[in-house]
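[1] test case, fold it:
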Amino acid sequence: MNRPTWAPDDVDIDAPNAARMYDYALGGSHNFEVDRALVEQAEASMPGAKRIAHDNRAFLRRVVRWLADAGIRQYLDIGSGIPTLGNVHEIARAAAPGSRVLYVDIDPVAVAHSRSLLADDPAAHAIEGDLRDPDGILSHPEADLDLSRPVAVLLFAVLHFVGDDDDPAGLVRRLHDAVPAGSYLAISHGSPPPGRVEDAENVSRIYRRTPSPLHLRTRERILPLLGPFDLVEPGLVPVTDWHPDDPVDERQEALLGAVAVRR
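    Just a heads-up that it's a prediction; the model follows:
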């Protein structure tokens, strides 16, 4: 395969990547054949799998609008992915001009495109970082959020790439301890949908062929990951049930979401 001009030289274009697979599922163009092939395999194994990405993006939009209405003006988006329509800074600033955003992703393609998009934006930056190293993120020289004021920590579709051995609950506690009272945590997390556990396991096997294996968790296993944050209504629910803009036609039970606050 010829290397596209937008792909950094150190990116292996023959290895699938979760961020680029997500980009393809959303209809983006910054992905490779190997990424597209695995997404199509996931769709064949669990029909409707590609819709999960769209429901997650819609959930993000509703959450950021809700957080802006709650007075949040700073966002730490970890696992932000490849830029697409309706980025966090665009949604937040539609409600509150001047909102600051720090995007963080482990994928150099995502970071490179984010930096290009934000080159002339003094209030939004993108850095390469790993959720499994929250101290590295918070101490990064370009992490210019004011941690004396409330921050929204966004972990959309990223905790399910953190295995139990990496202590996801401990990572969330570290983020909780780093932000002041009045801050929020927002998450979405893959979960085996009722009656489709075998389909979900087939999708998990596909993701084991990437550097980011998928760790689907039940609601009972996700709740403890929220740690000392306090859930806000309606709690941990299918993302389509969280303050929907319109009546829900089809629930997305393969992805659960929640917003919680630091008291």
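[2] contact partners of stretch 86-103?
    57, 60-61, 64-65, 67-69, 72-77, 80, 111, 114, 117-118, 121, 123-127, 142-145, 154 (C-beta atoms under 8 Å, 6 or more residues apart in numbering). Quick note: C-beta positions are derived from backbone N, CA and C, even for glycine.
[3] helix or strand: which one has the closest residue to Leu226 other than its chain neighbours?
    Nearest non-adjacent residue to Leu226, counting by C-beta to C-beta, 6 or more residues apart in numbering: Ala260, 5.2 Å away. Using DSSP states H and E, Ala260 sits in strand 255-261.
[4] same thing with Leu155?
    Going by DSSP H and E, Leu155 is in strand 152-156.
[5] so for that strand, mean pLDDT?
    Averaging pLDDT along strand 152-156 yields 98.
[6] tell me which helix or strand of the chain sits lowest on mean pLDDT?
    helix 108-117 (a mean of 88; mean pLDDT, DSSP states H and E).
[7] give me the buried positions along it.
    Of the residues in helix 108-117, 108-115, 117 count as buried by neighbour count, 16 or more other C-beta atoms under 10 Å.
[8] do stretch 71-78 as well
    72-78.
[9] contacts for that stretch next, please.
    64, 67, 88-89, 92, 96, 98-105, 129, 131, 137, 145-146, 149-156, 158, 175, 182, 184.
[10] out of those residues, list just those in strands.
    100-105, 152-156, 184 (DSSP state E).
[11] ok, which pair from the residues you listed is furthest apart?
    Greatest spatial distance in these: Asp105 and Tyr184, 20.2 Å, computed using C-beta to C-beta.
[12] quick one, strands of the chain?
    Under DSSP E, the chain gives strands at 74-78, 100-105, 124-128, 152-156, 184-190, 230-231, 237-238, 255-261.
[13] in a markdown table: the ones you listed, plus distance to Ala18.
    Shown next, in a markdown table, are the strands of the chain (distance: least, C-beta to C-beta, whole Å):
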| stretch | distance to Ala18 |
| --- | --- |
| strand 74-78 | 14 |
| strand 100-105 | 10 |
| strand 124-128 | 15 |
| strand 152-156 | 13 |
| strand 184-190 | 11 |
| strand 230-231 | 27 |
| strand 237-238 | 21 |
| strand 255-261 | 14 |
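[14] between the ones you listed, which one is nearest to Arg219?
    Of all those, it is strand 255-261 that lies closest to Arg219, at 6.0 Å by C-beta to C-beta.
[15] what pairs with the closest one, parallel or antiparallel?
    strand 184-190 (antiparallel), strand 230-231 (antiparallel), strand 237-238 (antiparallel) (DSSP bridges).
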